[in-house]
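A.B. asks: Any chance you could fold what I've pasted below:
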Amino acid sequence: MTVPSPGLPRPLEGFLVLDFSQFLAGPVAALRLADLGARVIKIERPGSGDIGRGLAFAGARAGTDTVSFHAMNRGKQSVAADLKDPEQLAFVRQLVEQADVVVENFRPGVMTRLGLDYETVKEVNPGVVYGSITGYGNEGPWRDRPGQDLLAQSISGLPWLQADPEPSPFGISIADHLASCHLAHGITALLLRRARTGVGGQVETSLLEAMLDLQFEMLSVRLTEPAAITPRPRGPHSAHTYLPAPYGVYPTADGYLSIAMNPVPQLGRLLEIPELVEMTEPETWWEQRGHIETLLAARLRTRTTAAWLEVLDAADVWCAPLHTIDELVEHDGFRAIDMVQTLRRDEADGSTTDVTTTRLPIRVDGERLWGGRAAPTLGADTEAVRSELAPTPAEVVS
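C.D. replies: Numbers count the residues shown, from 1 in each chain. Down below sits the predicted model:
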């Protein structure tokens, strides 16, 4: 891991963020702000905390929490508060009055019932930037459906686009992650506007909107030229419904090789497949997609991935090896991009927990931004944060 030299402060240093969100989309949006230097205080339910503390990706745990919770909440503080208790809710409202940013991802209406919705908060904190993530927005027939990644993928039609031959969702929480990026983007934009004008504001997004934006190419074509989006039979190795051969993933003698947009005759010459050399009309790359892919696969199976890369890279063919997760993390290319950091947390019982995770995937002024602290234990900072608050007028009088 490289260590940045002392220099300018991180872009969001000095900003206070209250993170009311749980599990993935909201917490990761707040994580991005923390990595950029903001102070993020996570507001959690006493006893159980964020549900992400117990929902384990691949069943993996580190100390008292899941590895995924550690990865999503590094650099934050934790305040435990029962928002149904009037005294504890009053304490949280004091924090809200001082916050630069509020992040929440409850179902529509929950924050309103608590008196922590944007319209109420801006009355006591006019400059606040208020960020919300829902499953499907605040209106429409899907408004109250569970906002979960697979469900949002399904409603958006993404698994249909991936059909091979059956609908196939992404194996990662892509709706959550993209929504977190959009919310963090909107929050930083409103902070910039506030710095220029003094005006705060509210930014909202949803898992569904993140999925629709991801599919903007297909949706733009469907909405502009509907006839172009007709069912097209995929070949046995196709990687995209609406791109012709050779676009796909092919088996080799010892693994897999991905080939992107390339002229079929060029591949025919390089791979010594005479039939493909003769396919000079691009329309045939659609019409005979399955046959082309079958010919390519039969040839590519005869040699190793490395052997084929030597041939194809020399000709500047758009291709890449398909790595397993083990091959990825052991590769020099993975080490060169320097995405890994290890953070240590002190547990309540005196033990320590180390979690090795990734970093923010951007560089600022040429420097990588590393997490300054591990994810907090539940309620670790409650009393310290309470002690920072100025006494209320009622407390002064008493």
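A.B. asks: Going by C-alpha atoms from here, please, whenever you check contacts or count neighbours.
C.D. replies: Noted.
A.B. asks: three-state assignment of Leu360?
C.D. replies: Look at Leu360: counting by DSSP: H, G, I helix; E, B strand; the rest coil, its state is coil.
A.B. asks: Break the protein down into its domains, please.
C.D. replies: 16-214+334-397, 256-321 (automatic domain parsing).
A.B. asks: what would the ones you listed look like in TSV with mean pLDDT?
C.D. replies: TSV is the format used below for the domains of the chain (pLDDT from 0 to 100):
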stretch	mean pLDDT
domain 16-214+334-397	95
domain 256-321	97
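A.B. asks: Now that we have those, can you turn them into a markdown table and tack on mean neighbour count and distance to Ser238?
C.D. replies: Shown next, in a markdown table, are these (neighbours: other Cα atoms under 10 Å; distance: least, Cα to Cα, whole Å):
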| stretch | mean neighbour count | distance to Ser238 |
| --- | --- | --- |
| domain 16-214+334-397 | 18 | 8 |
| domain 256-321 | 17 | 8 |
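A.B. asks: any chance of the ones you listed in TSV, plus distance to Tyr242?
C.D. replies: Conversion of these to TSV gives the following (distance: least, Cα to Cα, whole Å):
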stretch	distance to Tyr242
domain 16-214+334-397	9
domain 256-321	9
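A.B. asks: Val249 is nearest to which of those?
C.D. replies: Distance to Val249, taken as Cα to Cα, is lowest for domain 256-321 among these, at 4.3 Å.
A.B. asks: Do a quick rundown of the strands in the stretch 201-350 of the chain.
C.D. replies: Here the stretch 201-350 of the chain has its strands, by DSSP state E, counting those that start in this stretch, at 201-206, 248-251, 256-259, 319-321, 340-346.
A.B. asks: Any idea how far the last one is from the middle of the chain?
C.D. replies: In this case it means strand 340-346. Relative to the chain's own centre, strand 340-346 is displaced by 20 Å; criterion: Cα atoms, centre = their mean, to the nearest Å.
A.B. asks: now the third one
C.D. replies: Using Cα atoms, centre = their mean, we find the averaged C-alpha position of strand 256-259 to lie 25 Å away from the chain's own average C-alpha position.
A.B. asks: Parallel or antiparallel, list what pairs with that strand.
C.D. replies: Strand 256-259 pairs in its sheet with strand 248-251 (antiparallel), strand 319-321 (antiparallel), by DSSP bridges.
A.B. asks: most centrally placed residue in the chain?
C.D. replies: Closest residue to the average C-alpha location of the chain: His177 at 1.9 Å, with Cα atoms, centre = their mean.
A.B. asks: just to revisit the earlier point, any chance of the strands of the stretch 201-350 of the chain in JSON lines, with distance to Ile172 too?
C.D. replies: Below are these laid out as JSON lines (distance: least, Cα to Cα, whole Å):
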{"stretch": "strand 201-206", "distance to Ile172": "17"}
{"stretch": "strand 248-251", "distance to Ile172": "19"}
{"stretch": "strand 256-259", "distance to Ile172": "20"}
{"stretch": "strand 319-321", "distance to Ile172": "20"}
{"stretch": "strand 340-346", "distance to Ile172": "19"}
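A.B. asks: Which of those sits closest to Pro226?
C.D. replies: strand 248-251 (24.9 Å).
A.B. asks: looking only at pLDDT, what's the mean for the closest one?
C.D. replies: Throughout strand 248-251, pLDDT has a mean value of 97.
A.B. asks: quick one: contacts of it?
C.D. replies: The contact list for strand 248-251 (Cα atoms under 8 Å, 6 or more residues apart in numbering) reads 237-240, 256-260, 293, 296-297, 300-301.
A.B. asks: Now for those residues: which two are most distant?
C.D. replies: His240 and Arg301 (21.2 Å).
A.B. asks: so how far is stretch 213-229 off the chain centroid?
C.D. replies: 24 Å.
A.B. asks: Please report the separation between the first and final residues of it.
C.D. replies: Using Cα to Cα, to the nearest Å, the end-to-end distance of stretch 213-229 comes out at 17 Å.
A.B. asks: how about it: buried residues?
C.D. replies: Residues Leu214, Met218 are the ones in stretch 213-229 that count as buried (16 or more other Cα atoms under 10 Å).
A.B. asks: Okay, angle between the lengthiest helix in the chain and strand 201-206 too, please.
C.D. replies: The longest helix of the chain (DSSP state H) is helix 174-197. Orientation check (axes from the mean of the first three to the mean of the last three Cα atoms, to 10 degrees): helix 174-197 against strand 201-206 gives 170 degrees.
A.B. asks: which other helices and strands contact helix 174-197?
C.D. replies: helix 25-35, strand 129-134, helix 149-156, strand 201-206, helix 207-214 (3 or more Cα pairs under 8 Å, 6 or more residues apart in numbering; DSSP states H and E).
A.B. asks: outside of that helix, which residues touch it?
C.D. replies: Against helix 174-197 from outside (Cα under 8 Å, 6+ apart): 24-30, 32-33, 101, 127, 129-133, 149, 152-153, 199-211.
A.B. asks: ok, and the closest non-adjacent residue to Val203?
C.D. replies: Gly131 (4.9 Å; Cα to Cα, 6 or more residues apart in numbering).
A.B. asks: Wait, the one you found touches Val102, no?
C.D. replies: Yes. Taking Cα atoms under 8 Å as the definition, Gly131 is a contact partner of Val102 at 6.0 Å.
A.B. asks: the helices in the stretch 251-398 of the chain, which residues?
C.D. replies: Counting by DSSP state H, counting those that start in this stretch, one finds helices in the stretch 251-398 of the chain at the ranges 264-271, 274-277, 282-287, 289-300, 305-314, 325-329, 332-337, 382-388, 393-397.
A.B. asks: of all these, which lies closest to Ala227?
C.D. replies: For those, proximity to Ala227 was assessed by Cα to Cα; helix 282-287 is nearest, at 15.9 Å.
A.B. asks: Just the C-alphas of that closest one, formatted as PDB.
C.D. replies: Provided in PDB are the C-alpha atoms of helix 282-287 (Å, rounded to 0.1, in the frame of the first residue of the first chain):
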ATOM      1  CA  PRO A 282     -21.400  -7.300 -41.200                       C
ATOM      2  CA  GLU A 283     -25.000  -8.400 -41.500                       C
ATOM      3  CA  THR A 284     -23.800 -12.000 -41.500                       C
ATOM      4  CA  TRP A 285     -22.300 -11.400 -38.100                       C
ATOM      5  CA  TRP A 286     -25.800 -11.100 -36.900                       C
ATOM      6  CA  GLU A 287     -27.500 -13.700 -39.100                       C
END
